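K.L.:
pasting the structure only:
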């Protein structure tokens, strides 16, 4: 079997059995009838990234419980900070929509929508979380990607498990 093969049943079992520990310290799940657990440090080691004390979800949504996406975007970056991602001139009165992003920002945004961000949803929208993620990547500002993954998994578990459609992620 090729490495790039998507096996829907594995994803379904993962999300059906996944449990995120308080403060996103770890994830526990079943696979092949066995319980597995991965701490934040283990996940960071597997990904080859450092743990950073910057949670994008907390910056955007505060201490809200999942599903956070229901909060209609959360707190977005300031106009001054995010305007560098848009074609100029970009007055504060303009809508923050992907179609107005610079070519570089749009390309990164579209790559993020197919990797770190859920695949389904409103493609014309540009949530506060999407804006902050894009800004951190384009400015090379560190953030905790492990926390990001775990928070997104929490949201999928609490918001989408009852919905019969394609899963958001194809890990």
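P.N.:
Structure received. Everything numeric in this text was worked out from a predicted model, so none of it was measured.
K.L.:
Now do the same for residue 103: its pLDDT.
P.N.:
Residue 103 carries a pLDDT value of 98.
K.L.:
Contacts only, for the spatially closest residue to residue 117 that is not a sequence neighbour.
P.N.:
Computed as CB to CB, 6 or more residues apart in numbering, the closest residue to residue 117 that is not its neighbour in sequence is residue 130, at 6.4 Å. Glycine gets a C-beta too; all of them are placed from N, C-alpha and C. Residues near residue 130 by CB atoms under 8 Å, 6 or more residues apart in numbering: 109, 112-113, 117.
K.L.:
what does residue 142 give?
P.N.:
50, 52, 54, 136.
K.L.:
now those as a markdown table including pLDDT, neighbour count and secondary structure?
P.N.:
Shown next, in a markdown table, are these (pLDDT from 0 to 100; neighbours: other CB atoms under 10 Å; DSSP: H, G, I helix; E, B strand; the rest coil):
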| residue | pLDDT | neighbour count | secondary structure |
| --- | --- | --- | --- |
| 50 | 95 | 10 | coil |
| 52 | 94 | 14 | coil |
| 54 | 96 | 14 | coil |
| 136 | 97 | 18 | helix |
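K.L.:
Neighbours of residue 117, how many?
P.N.:
20 (other CB atoms under 10 Å).
K.L.:
just residue 40 next, same as before
P.N.:
Burial of residue 40 is recorded as 19 neighbouring residues (other CB under 10 Å).
K.L.:
So it is in contact with residue 26, correct?
P.N.:
Yes. Between residue 40 and residue 26 there is a contact under CB atoms under 8 Å: 6.6 Å.
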